[in-house]
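Novice: sequence and predicted structure are below.
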Amino acid sequence: MLHDKSFSHLLFLHLTSTILASLCLLSATSSVFAQLSETDIAELQQRGIDEGWTFTVAHNPACQYSLKVLSGTIEPADWQETARFDPCVPTRDLPAAFDWRDSATFTQVQTQDSCGSCWAFATAGTLECAIAIEDDTAIDLSEEYLVNCNLSGWTCQGGWAAHDYYQFRSDHCGDTGAVLESSYPYTATDTPCGCPFYHPYRIHSWFFIGTQHSYPSVSSLKQAILDHGPVTVCVRTNSAFHAYNGGIFNACEDSSINHMVVLVGWDDNQGESGVWFMRNSWGDWWGEDGYCRIEYDCSRIGYGASYIRYRPIQMTPKDTLAPVPMTVSFSASARGETADSCEWDFGDGHEGSGLSPVHEYIEPGYYSVLTRLFTPEEVLEYTFSGWISAYADTMTIASVGTNADTQVRVDVSARNYLPLKEITLPISWAGDLDLQYDSFSTAGLRTDGIVDARLANYDFFGKRFILELNVRTVLGNESIDPGDSPIISLWFTVPSAAPGTSNPIVLTSYAGRSPTFVTYAGEYLPETVDGGITTGCCIDTRGNVQTVPYCYGSEQNVDISDLTELISHLFINFGPLCCNHEADIAPAIAGQPPDGSVDVGDLTALIDHLFITFPELPDCY
């Protein structure tokens, strides 16, 4: 039997050896996925000399993250069994070199940071490139939306090509399509989805390239890039790829794929047999402004390749934003194909046919246009979401009556038929009352909680400023919905003044800014209606127009004396009315804003109220 001390000594040796073995194993494992130190970079540079690499390596910000974090592609089991494939067999001579960057301006390469979301960046990047090619505009799409709103279990720990969510697969709120980066900014975290979101872009279809259980050929990838734009592909990363700084990457590793990128072109004349131009998602400081030239078939580049069909139909006009009545001349064509006929759904309840129809939009609104194009080979159908933006919008400042020495609220209302992202309100209140501006508020209004409002260009002596309302980037709030109600409340203090004194509050142009609405299709100028503050005799009910000194709130009845006062004003002594907007009742009865004039129509409306059909008079305030 061992002595207690000897047993303790043996136990200590056993535990020590176990811990050391574990540390060695941990060191060996972590070296594969660890961040790259300056020593690691130096060793890679020497290895490059020894092995004849045709590229350079250097420390870059991506090196602060491990490859395990950055390389977040998870290949689903048996994905090929249900996938749709297109062989993409070349149908013509392929150019020796081709690069979509020569003919389209792509968004700047972004960084996925400490999140294994390369699959989301490759998915969004492919559509961003397609939009740049087809629509000639650089649109930044939200990768965070794909990371947090997919129902496939993909996260910052990895995922797969997510084109389905741009075509037909729904998110947590039952919506489909790409979301703008401005609507859901990237945070490199797994957080609750927080939908609904605005989905301005969808794809028509998508396919894997090649055939089932095969590796797509170089020629098939070229044909897909040429016909459909940049494609999503997988690749195998390693430490040399991690520190890539430029040149032709040839430190190939034939292991299982772990990363997803985008191919934008090729050049047969570079490298041993040709190179791909590859777009990464590790920031524009990585490689060649975020891109890499990599040898054909190196590190399994091209595995799991897929292309999207964003818009198989070309349609003009590209974008339309105009007031009603709005006449639009459409035309449709199939890219690279001959079209026989076309059917249209203009989105406003009317349909049409022909390759070049003309349609007039009478009612304001935000319309999607469905086009069904018939070619000898197939029927192409695409919905151009929110293609037509027809408006008849107004901004109105209320006319308010009050007593002197009081604080008064003046609402600014918007009647908008389009969803709004921004509103610019240049406001001036110079006048006889010498109003003192106090504050503004969105509390209790339809903008409450969804906009950031701030003052700009405040001219204290000129009594004017610009109010800017911007939709806040808050989950679930993408725009100010169409409506007709106040959007901002202004508070003024009214000093001592003679009864009947008026002070205009107007929407004006100031510091190069005009009253402006901004929707998804662009910015436009609504019609404006000015208002103001009147002291002394604005009664609570429209139609109460008789002149009573200091009459605010003192006369509540609309009777024949008001009719007499209005007749005298219009036809006899033409004396001033105490409050013009009290007598401007014809538009109010019709449910319209005041037109700013007192005329026979208002007299007729008052007679009708007192003696004929007795319509109800709306409250003044």
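Specialist: Nice, I can see it.
Novice: how about the helices in the protein?
Specialist: Using DSSP state H, the helices of the chain run over residues 4-33, 38-51, 67-70, 118-135, 143-149, 164-167, 218-228, 239-242, 560-567, 580-583, 586-589, 600-607.
Novice: go through the second one and flag the buried ones.
Specialist: Meaning helix 38-51. Using 16 or more other Cβ atoms under 10 Å as the test for burial, helix 38-51 gives D40, I41, L44, Q45, G48. In short, each C-beta sits where N, CA and C put it, glycine included.
Novice: which residue packs closest to W491, ignoring adjacent ones?
Specialist: For W491, ignoring the flanking residues on the chain, the nearest one in space by Cβ to Cβ, 6 or more residues apart in numbering is D438 at 4.3 Å.
Novice: G352 now?
Specialist: Closest to G352 by Cβ to Cβ, 6+ apart is W344, at 4.3 Å.
Novice: if I look at G431, what pLDDT would I see?
Specialist: Per-residue pLDDT puts G431 at 89.
Novice: contacts for stretch 447-460, please.
Specialist: With Cβ atoms under 8 Å, 6 or more residues apart in numbering as the contact definition, stretch 447-460 has outside contacts at 423, 440, 442, 464-472, 474, 477, 480, 487-488, 510-511, 513.
Novice: next: stretch 310-325.
Specialist: Residues outside stretch 310-325 that contact it (Cβ under 8 Å, 6+ apart): 127, 130-131, 134-136, 201, 203-204, 229, 326, 328-335, 360-364, 369, 371, 373, 380, 382, 384, 387-392, 519, 521-522, 524.
Novice: of these, which belong to strands?
Specialist: 326, 328-329, 331-334, 360-361, 369, 371, 373, 380, 382, 384, 387-391, 519, 522, 524 (DSSP state E).
Novice: drop anything exposed from the residues you listed.
Specialist: The neighbour-count criterion (16+ other Cβ under 10 Å) marks 326, 328, 332-334, 361, 369, 371, 373, 380, 382, 384, 387-391, 519, 524 among those as buried.
Novice: what sits against the closest residue to H172 other than its chain neighbours?
Specialist: Distance criterion Cβ to Cβ, 6+ apart; nearest residue to H172, sequence neighbours excluded, is C193 at 4.7 Å. By Cβ under 8 Å, 6+ apart, the contact set of C193 is Y145, N148, C149, D171, H172, C173, L475.
Novice: relative to G522, how far out is V451?
Specialist: Counting by Cβ to Cβ, to the nearest Å, the gap between V451 and G522 amounts to 19 Å.
Novice: for G601, same thing?
Specialist: From G601 across to G522, the span is 37 Å (Cβ to Cβ).
Novice: for G462, same thing?
Specialist: From G462 to G522 the distance is 30 Å (Cβ to Cβ).
Novice: correct me, but Y303 touches C234?
Specialist: Yes - contact between Y303 and C234 holds when scored by Cβ atoms under 8 Å: they sit 4.4 Å apart.
Novice: how many neighbouring residues does P482 have?
Specialist: 18 (other Cβ atoms under 10 Å).
Novice: what sits against the residue nearest to the spatial centre of the chain?
Specialist: In the chain, the centroid-proximal residue (Cα atoms, centre = their mean) is L180; its distance is 3.6 Å. L180 makes contact with I139, D140, L141, S142, Y198, P200, according to Cβ under 8 Å, 6+ apart.
Novice: highest neighbour count among those residues?
Specialist: Tallying neighbours with other Cβ under 10 Å puts L141 at the head of those, with 27 neighbours.
Novice: what residues go with each domain of the chain?
Specialist: Each domain of the chain is listed here as a residue range: 67-309, 317-391, 393-536, 538-621, per automatic domain parsing.
Novice: any low-confidence regions in this structure?
Specialist: 1-34, 336, 472-477, 497-500, 536-556, 575-581, 596, 618-621 (pLDDT under 70).
Novice: make it 50
Specialist: By pLDDT under 50, the low-scoring segments of the chain are 1-33, 474-476, 537-540, 547-555, 621.
Novice: report the buried members of the contacts of stretch 447-460.
Specialist: Among the contacts of stretch 447-460, the ones that count as buried by 16+ other Cβ under 10 Å are 423, 440, 442, 464-471, 477, 480, 487-488, 510.
Novice: and those residues, which two are furthest apart?
Specialist: Greatest spacing in the buried ones among the contacts of stretch 447-460, by Cβ to Cβ: R464 and N477 (29.6 Å).
Novice: from the contacts of L180, pick the one nearest R84.
Specialist: Taking the contacts of L180 together and measuring to R84 by Cβ to Cβ, the closest member is L141, at 22.7 Å.
Novice: okay, and the beta partners of the closest one?
Specialist: Beta-bridge partners recorded for L141 (DSSP bridges): L180.
Novice: so it touches Y184, yeah?
Specialist: No - using Cβ under 8 Å, L141 makes no contact with Y184, being 9.5 Å away.
Novice: quick one: contacts for T371?
Specialist: Contact analysis of T371 by Cβ under 8 Å, 6+ apart lists I313, M315, A332, C342, E343, W344, L380, E381, Y382, T383, F384.
Novice: give me the distance between the last one and I248.
Specialist: Pointing back at F384 there. Distance check for F384 against I248: by Cβ to Cβ, it reads 41 Å.
Novice: the third one now?
Specialist: A332 is 42 Å from I248, where distance means Cβ to Cβ.
Novice: will you turn the helices of the chain into TSV that also has distance to V412?
Specialist: What follows is those, written out as TSV (distance: least, Cβ to Cβ, whole Å):
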stretch	distance to V412
helix 4-33	57
helix 38-51	59
helix 67-70	49
helix 118-135	35
helix 143-149	33
helix 164-167	39
helix 218-228	48
helix 239-242	55
helix 560-567	29
helix 580-583	16
helix 586-589	18
helix 600-607	25
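Novice: and of those helices, who's closest to A398?
Specialist: Proximity to A398 (Cβ to Cβ) singles out helix 580-583 among the helices of the chain, at 9.5 Å.
Novice: give me the residues contacting stretch 160-176.
Specialist: With contact meaning Cβ under 8 Å, 6+ apart, stretch 160-176 is reached by 73-76, 79, 119-120, 122-123, 126-127, 145-146, 149-152, 154, 177-178, 193, 195-197, 199, 201-206, 232, 260, 304, 306, 308.
Novice: try 6 Å this time
Specialist: 76, 119, 123, 146, 149-150, 178, 193, 195-196, 199, 202-203, 206, 232, 306, 308 (Cβ atoms under 6 Å, 6 or more residues apart in numbering).
Novice: please enumerate the strands of the stretch 201-350 of the chain.
Specialist: Assigned by DSSP state E, counting those that start in this stretch, the stretch 201-350 of the chain shows strands spanning 205-209, 231-235, 244-249, 259-267, 275-279, 291-295, 303-309, 313-316, 320-323, 326-329, 331-334, 341-345.
Novice: turn those into a markdown table, columns for distance to C115.
Specialist: Shown next, in a markdown table, are the strands of the stretch 201-350 of the chain (distance: least, Cβ to Cβ, whole Å):
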| stretch | distance to C115 |
| --- | --- |
| strand 205-209 | 24 |
| strand 231-235 | 18 |
| strand 244-249 | 20 |
| strand 259-267 | 13 |
| strand 275-279 | 18 |
| strand 291-295 | 20 |
| strand 303-309 | 20 |
| strand 313-316 | 36 |
| strand 320-323 | 36 |
| strand 326-329 | 43 |
| strand 331-334 | 39 |
| strand 341-345 | 40 |
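Novice: those strands: which one's closest to Q64?
Specialist: Across those, Q64 has its closest neighbour in strand 244-249 (15.3 Å, Cβ to Cβ).
Novice: contacts only, for I480.
Specialist: I480 makes contact with L420 under the criterion Cβ under 6 Å, 6+ apart.
Novice: let's see it at 8 Å
Specialist: Applying Cβ under 8 Å, 6+ apart, we find I480 in contact with 414, 416, 419-421, 423, 446-447, 450-451, 469, 471, 487.
Novice: can you check D99 too?
Specialist: V264, G265, W266, D267, F277.
Novice: would you check how far apart it and E134 are?
Specialist: According to Cβ to Cβ, D99 stands 17 Å off from E134.
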